[in-house]
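would you be able to build a 3D model of this:
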Amino acid sequence: MPNRAYTYYDLTASICSVCYEKVEAKIIFEEERVYLVKRCLKHGPEKVLISTDKDYYLKCRHYIKPSEMPHRFNTPIRYGCPYDCGLCPDHEQHSCLTLIEVTDRCNLECPICYANSSPHREQFRSLQVIESMLDAVVANEKEPDVVQISGGEPTIHPEFFAILDAAKARPIRHLMINTNGIKIAQDREFVRKLAAYMPGIEIYLQFDSLEPHVLKELRGADLSMIREKALYHLNEFGLSTTLVVTVKRGLNDDQLGSILNYAIQQPAVRGVTFQPIQEAGRLDQYDPGEHRLTLSEVRTKILEQSDLFDSDDLIPVPCHPDALAMAYALKLGEEVLPLTGLLPPDMLLEGGRNTIVFEQDAELRAKMNQLFSLSQTPESTPSSLRELLCCLPKVEAPASLSYENVFRVLIMQFMDARDLDIRSVKRSCVHIAHPDGRIIPFDTYNLFYRDGLEERLTPIRSKIEGE
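A predicted model of the protein is given here:
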């Protein structure tokens, strides 16, 4: 009998990238790569690469933990995923991280901005609206793990410190400031005031490259001196910082190792987050072949370009393994010690399969799930590390272990209309608070719920109601 040129693996649902109606989608393996294949009856077939590494894709299937739910849901199930976002009762993961966008205004006009922020947008959300958004997150989470103040550029909001006061007055375990660093670079007194909010605050600093031409293409300006000055101030005041790298194929995907090496040398930097470009906002009409990178490809490039981690160190995050990969290391003086790879292979693997056998050790499983979670905070991380290291024969945790000893690498991939996998959407744990009180997955927010985009759903919802 004739064979297909591919291996059929599974069936899921997606959307047509033209009309956004839901369609069936096959997951197939072809030449060690993984593709999403779908067909809209109106607009024809689509074939989208979702992983360059079949083995890693299969490995992700074994890093799934039971769903952790919010304390309440915000919208009913009426039209089906992804048309009910808010969170609806059909969602399978609470908010590990929730963004609060305080303004659409920005002091840059980045060509890759998913939010279409710019100096020409005037809106600053009022403190009253922002507090209601914070209250919505608290109502869902009781004690939110991580809340990120974002924009636009949040540091230019005229009530910026009042916003921080409002956030710190609520039971939020960890607060992040998502920033391009211009204010931090130019105003030392501003940074000194920010540092007064420690502990429990971290700077999420845009940091795409060490080379000016990359910054000009991604951000529209050479910000290399701005980034250098911003890190100088952050190091001076010891303000915990994560460097955030937006990765574009053929532009800065060969610099991931050098960025990691640079980050490790910065006293205030606790880690690096790599984010492949999401086709949203100003990138909505780009040819995906020009810039699309998968999580697995970014992971491979990190392993190729840096000797800090081995393959067993950079693993799927259990709450959303398709979209998140993470590695932890311990900084002990000038030594950087990867942690995940210290687990004995016979404990990690069973029978040559990529299956973590945590079920053989419930205590270790619980500690690893706790450690490799987006909900981990600076206050809880040292304790979790110390408990984990006590289980390992090769490392003795120093009594003075603190958040300054932690270095983490995170790969965070967001889906767009082309690669949207409904199974994965349901596990999304990075959400955005809508001003009307809904809490919406980052992926679908940028597709359907930002600004006036929800009008895209009107004909689809009407059709569903008519049926």
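
can we go C-alpha only for contacts and neighbour counts from here?
OK.

bridging residues for the residue nearest to the spatial centre of the chain?
By Cα atoms, centre = their mean, the chain has its centre lying nearest to residue 412, at 3.8 Å. According to DSSP bridges, the residues that bridge with residue 412 are residue 324.

where in the stretch 251-400 of the chain is pLDDT low?
When the per-residue scores of the stretch 251-400 of the chain are filtered using pLDDT under 70, the ranges that remain are 280-291, 333-334, 341-400.

doesn't residue 49 lie inside a strand?
Yes: in this structure, residue 49 lies within a strand as judged by DSSP: H, G, I helix; E, B strand; the rest coil.

what separation do you get for it and residue 36?
Distance of residue 49 to residue 36, given as Cα to Cα, to the nearest Å: 6 Å.

more neighbours: those two, which one.
Counted by other Cα atoms under 10 Å, residue 49 and residue 36 do not tie: residue 36 has more neighbours, with 25 against 18.

what helix or strand is that one located in?
With elements delineated by DSSP states H and E, residue 36 resides in strand 33-40, which encompasses its position.

next one: that strand to chain centre, how far?
23 Å (Cα atoms, centre = their mean, to the nearest Å).

parallel or antiparallel, which strands does it pair with?
Looking at strand 33-40 with DSSP bridges, its paired strands and their directions are strand 22-30 (antiparallel), strand 44-51 (antiparallel).

relative to residue 232, which of the ones you listed is closest?
strand 44-51 (37.5 Å; Cα to Cα).

related to what we said a few turns ago, shared neighbours, residue 49 and residue 36?
Taking Cα atoms under 8 Å, 6 or more residues apart in numbering as the contact criterion, the residues that touch both residue 49 and residue 36 are residue 419.

just grab the bridge partners of the residue lying closest to residue 5 once chain neighbours are set aside for me.
For residue 5, the nearest residue in space outside its immediate sequence neighbours is residue 30; the separation is 7.1 Å by Cα to Cα, 6 or more residues apart in numbering. Note on residue 30: beta-bridge partners residue 33, judged by DSSP bridges.

residue 30 against residue 4, yeah?
No: shown here, residue 30 and residue 4 do not form a contact pair, counting by Cα atoms under 8 Å, at 9.9 Å.

who's more crowded, those two?
Higher neighbour count among residue 30 and residue 4: residue 30, with 15 against 8, using other Cα under 10 Å.

got a list of what that one touches?
Residues near residue 30 by Cα under 8 Å, 6+ apart: 5, 6, 7.

reformat these as CSV; add secondary structure and neighbour count.
Putting these into CSV (DSSP: H, G, I helix; E, B strand; the rest coil; neighbours: other Cα atoms under 10 Å) gives the following:
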residue, secondary structure, neighbour count
5, coil, 10
6, coil, 14
7, strand, 14
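
still on that earlier bit, quick check, the residue nearest to the centre of the chain in contact with residue 325.
Yes: judged on Cα under 8 Å, residue 412 makes contact with residue 325 at a distance of 6.9 Å.

quickly list what's touching both of those two.
Common contacts of residue 412 and residue 325, defined by Cα under 8 Å, 6+ apart, comprise residue 295.

any regions of the stretch 101-250 of the chain where pLDDT drops low?
Counting by pLDDT under 70, the stretch 101-250 of the chain has no low-confidence residues at all.

one more pass at 90, please.
The model of the stretch 101-250 of the chain has pLDDT under 90 over residues 105-123, 145, 151-152, 173-174, 199-200, 210, 215-224, 248-250.

can you show me the helices along it?
For the stretch 101-250 of the chain, the helices identified by DSSP state H, counting those that start in this stretch occupy 127-141, 160-168, 182-186, 188-195, 212-219, 224-237, in order along the chain.

of the ones you listed, which is nearest residue 292?
Evaluated with Cα to Cα, the helices of the stretch 101-250 of the chain place helix 212-219 nearest to residue 292, the distance being 14.2 Å.

would you mind pulling the contact partners of the closest one?
When contacts are taken as Cα under 8 Å, 6+ apart, the neighbours of helix 212-219 outside the stretch itself are 108-112, 208-209, 221-224, 251-252.

figure out how far it is from the centre of its chain.
Using Cα atoms, centre = their mean, the distance from the centre of helix 212-219 to the centre of the chain it belongs to is 22 Å.

for stretch 240-253, same thing?
For stretch 240-253, the separation from the chain centroid amounts to 12 Å (computed by Cα atoms, centre = their mean).

switch to numbering from 445
Noted, 445 is the first residue going forward, which turns the last one into stretch 684-697.

quick one: buried residues of it?
If you call a residue buried by 16 or more other Cα atoms under 10 Å, then stretch 684-697 has these buried ones: 684, 685, 686, 687, 688, 689, 690, 691, 692, 693, 696, 697.

which two of the residues you listed have the greatest separation?
Taking Cα to Cα as the measure, the buried residues of stretch 684-697 reach their widest spread between 684 and 693, a distance of 28.9 Å.

measure how buried residue 776 is and give me the count.
Here the count is done by other Cα under 10 Å, and residue 776 has 14 residues near it.

my error: substitute residue 530 in the last question.
By other Cα under 10 Å, the residues close to residue 530 number 25.

now do the contacts for it.
By Cα under 8 Å, 6+ apart, residue 530 lies in contact with 517, 518, 519, 882, 883, 884, 885.

tell me the pLDDT of it.
Model confidence at residue 530, given as pLDDT, is 91.

can you give me the separation between it and residue 875?
Distance from residue 530 to residue 875, counting by Cα to Cα: 10 Å.

between the two, which contacts overlap?
Both residue 530 and residue 875 are contacted by 883, 884, 885, under the criterion Cα under 8 Å, 6+ apart.

and of the residues you listed, the nearest to residue 619?
residue 883 (17.2 Å).

surely the closest one meets residue 531?
Yes: using Cα under 8 Å, residue 883 is in contact with residue 531, at 5.4 Å.

who has more neighbours, these two?
A direct count of neighbours by other Cα under 10 Å for residue 883 and residue 531 places residue 883 higher, at 29 against 26.

mind listing what that one touches?
Contacts of residue 883 were listed using Cα under 8 Å, 6+ apart, and they are 518, 529, 530, 531, 580, 581, 875, 876, 877.

tabulate those residues (JSON lines), appending secondary structure and distance to residue 562.
Formatted as JSON lines, these follow (DSSP: H, G, I helix; E, B strand; the rest coil; distance: Cα to Cα, whole Å):
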{"residue": "518", "secondary structure": "coil", "distance to residue 562": "30"}
{"residue": "529", "secondary structure": "coil", "distance to residue 562": "26"}
{"residue": "530", "secondary structure": "coil", "distance to residue 562": "26"}
{"residue": "531", "secondary structure": "coil", "distance to residue 562": "29"}
{"residue": "580", "secondary structure": "helix", "distance to residue 562": "27"}
{"residue": "581", "secondary structure": "helix", "distance to residue 562": "26"}
{"residue": "875", "secondary structure": "strand", "distance to residue 562": "22"}
{"residue": "876", "secondary structure": "strand", "distance to residue 562": "19"}
{"residue": "877", "secondary structure": "strand", "distance to residue 562": "20"}
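
buried subset of those residues?
Buried members of the contacts of residue 883, scored by 16+ other Cα under 10 Å, are 518, 529, 530, 531, 580, 581, 875, 876, 877.

how much space separates the third one from residue 879?
As judged by Cα to Cα, residue 530 and residue 879 stand 11 Å apart.
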